[in-house]
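*Asks:* with the input below, show me the fold.
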Amino acid sequence: MATTTSKALYRGAAATSSTTLYTVPASTTAVVTNIVVSNNSASAVTATLTLDGINILPAVSIAANSVFGFDLKQVLATTKIIAGFSSVTTTTFHISGVEIA
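*Replies:* Below you'll find the predicted structure:
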């Protein structure tokens with residue numbers, strides 16, 4: 001029987017170049033359910049986020065001291081990755097989901 005675990009897939013600061021934030025473990029399927037990008041700076045920033053190499057946030061502008069969030073249901077198979085970056089390191093990503101093993 002499959003085990004389903006809700007979890008934070010990534011929660012932390014963004015890099016300024018594309019960085020792997022999460023890799024689906026072996027023998028596991030992940031479902032991304034929520035993404036929040038927080039701009040903690042006094043200026044607007046841009047953020048990019050990809051799921052398995054496909055842009056889901058393509059250089060989205062986020063106003064100063066604000067957040068951008070959305071709900072989704074996107075399945076990622078074993079070894080697929082979530083990658084992202086921002087124009088500044090004061091941006092944070094909060095990505096929640098479910099792992100099914």
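*Asks:* pretty sure residue 63 contacts residue 44?
*Replies:* Yes. Here residue 63 reaches residue 44: they are 5.5 Å apart, a contact under CB atoms under 8 Å. To be clear about C-beta, it is placed using only N, CA and C from the backbone, and glycine gets the same treatment.
*Asks:* which one of these two has more residues nearby?
*Replies:* When neighbours are counted by other CB atoms under 10 Å, residue 63 and residue 44 differ, and residue 44 comes out ahead with 14 against 11.
*Asks:* what distance do you get for the more buried one to residue 36?
*Replies:* According to CB to CB, to the nearest Å, residue 44 and residue 36 sit 17 Å apart.
*Asks:* then residue 89?
*Replies:* Taking CB to CB, one finds residue 89 at 17 Å from residue 36.
*Asks:* so what's the spatially closest residue to residue 60 that is not a sequence neighbour bridging to?
*Replies:* Excluding the flanking residues, the one nearest residue 60 by CB to CB, 6 or more residues apart in numbering is residue 47, at 5.6 Å. Bridge pairing for residue 47 (DSSP bridges) gives the partners residue 60, residue 86.
*Asks:* residues contacting residue 47?
*Replies:* Counting by CB atoms under 8 Å, 6 or more residues apart in numbering, residue 47 makes contact with 14, 37, 39, 57, 59-60, 62, 68, 84-87, 91, 93.
*Asks:* equivalent analysis for residue 30, please.
*Replies:* Applying CB under 8 Å, 6+ apart, we find residue 30 in contact with 9, 22, 24, 75, 76, 80, 97, 98, 99, 100.
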